[in-house]
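Student: Show me how the following folds:
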Amino acid sequence: MALPQAADTHDATEPAAGSHQPAATGVAPNAAGSRMHSRRHWFSDQFALALILPLGLAIGWEAAVSFGLAEGRLMPPPSRIASAFHELALYGDLWRHVWATLWRVLAGFALGAVAGIIFGALSGASGFLRKLLDPTLQALRAVPSIAWVPLFILWFGIFETSKVMLIAVGVFFPVYLGVAQGILSVDRKLVEVGRAFRLSRPAMARRILLPAILPETLTALRSGLGLGFMFVVAAEFMGASEGLGYLLVDGQQMGMTDQIVAAIIAFALLGKAADWLLVTLTAPLIRWQDTVRERL
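Tutor: Numbers count the residues shown, from 1 in each chain. Down below sits the predicted model:
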């Protein structure tokens, strides 16, 4: 009686060789679909969570102004800000100003990032160049952005070149510091492993040094992009006739607080979109990292 029972148990727990492959192929798509569903669910939760604070503040301030608990003259309620957005978008002014600001930031970011990567690599890789360049660049980094405005106007004129160069200066310093510090902080053991495998200098740079400094470099690029949006405001104070910074000045002169707040919100949304795009495009470059993710 024991033998048939053992045979039945074996048949129930271990399928035949012919039936094993279909079972495996049937489970894998379900697992992949479950992972995709879980990822989409996580992204939707993150998006909903990010909206709680701004929506809560907007609803609370709108209610406070509507019930007479606060005055909306100096700080307009969201309804007036939305109306200002609608008017600017209706006549096409909003998109013209957004594009002007975005173009200046992208041009200045490109120039500043390239220069920062080059000088940071030179300073980090060579002790002689670091002693030669770093003290001067660190001193210039402490100069306020607005202090460059009159000099750049004399050098490059009042038009687009001076604005782009001012933004490039703001982007340059965090990128320079990030790249130089990334090279200086490379673990010595990694370099010794490369030497043990007798890697050539190009192979050492491509397979060891570049992956080691890439995370800090990408963080520096994000910091530089954020400073680019900060410097564009100072740049657009230099006689600009379009741009979100111009909307700020125009709103101040005309006493239109709703336009000022609308321009500030447009800055925030544009800066966040640019940062998200940069992170998304560079995420595959550091996918190899085994670190604690933000979802934890």
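Student: could you measure L74 against A48, distance?
Tutor: 31 Å (C-beta to C-beta, to the nearest Å). Every residue, glycine included, has its C-beta placed from N, CA and C.
Student: More neighbours: which of those two?
Tutor: Legend: neighbour count by other C-beta atoms under 10 Å for L74 and A48, higher for A48 (10 against 7).
Student: now the helix or strand where that one lies: mean pLDDT?
Tutor: For A48, the element it lies in under DSSP states H and E is helix 17-66. For helix 17-66, the mean per-residue pLDDT is 64.
Student: so how far is the next helix or strand after that helix from its chain's centroid?
Tutor: Going down the chain from helix 17-66, the next helix or strand is helix 78-90, by DSSP H and E. Relative to the chain's own centre, helix 78-90 is displaced by 27 Å; criterion: C-alpha atoms, centre = their mean, to the nearest Å.
Student: what angle sits between the next helix-or-strand element following helix 78-90 and helix 78-90?
Tutor: Proceeding N to C from helix 78-90, the next assigned helix or strand is helix 93-125, under DSSP H and E. Per axes from the mean of the first three to the mean of the last three C-alpha atoms, to 10 degrees, the angle that helix 93-125 makes with helix 78-90 is 90 degrees.
Student: Output the helix or strand that helix 93-125 is followed by as PDB, nothing but the C-alphas.
Tutor: For helix 93-125, the following helix or strand on the C-terminal side (DSSP H and E) is helix 127-141. Backbone C-alpha positions of helix 127-141 (Å, rounded to 0.1, in the frame of the first residue of the first chain) are rendered in PDB as follows:
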ATOM      1  CA  GLY A 127      48.500  67.400  -9.400                       C
ATOM      2  CA  PHE A 128      50.400  70.200 -11.100                       C
ATOM      3  CA  LEU A 129      47.400  71.500 -13.000                       C
ATOM      4  CA  ARG A 130      45.300  71.200  -9.800                       C
ATOM      5  CA  LYS A 131      47.700  73.400  -7.900                       C
ATOM      6  CA  LEU A 132      47.800  75.800 -10.900                       C
ATOM      7  CA  LEU A 133      44.100  76.100 -11.700                       C
ATOM      8  CA  ASP A 134      42.100  75.200  -8.500                       C
ATOM      9  CA  PRO A 135      43.000  78.300  -6.300                       C
ATOM     10  CA  THR A 136      42.000  80.800  -9.000                       C
ATOM     11  CA  LEU A 137      38.800  78.900  -9.900                       C
ATOM     12  CA  GLN A 138      37.800  78.600  -6.200                       C
ATOM     13  CA  ALA A 139      38.300  82.300  -5.800                       C
ATOM     14  CA  LEU A 140      36.200  83.100  -8.800                       C
ATOM     15  CA  ARG A 141      33.500  80.700  -7.600                       C
END
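Student: helices or strands up against the next helix or strand after helix 127-141?
Tutor: Using DSSP H and E, the helix or strand that follows helix 127-141 in sequence is helix 149-156. In terms of contacts (3 or more C-beta pairs under 8 Å, 6 or more residues apart in numbering; DSSP states H and E), helix 149-156 is packed against helix 160-184.
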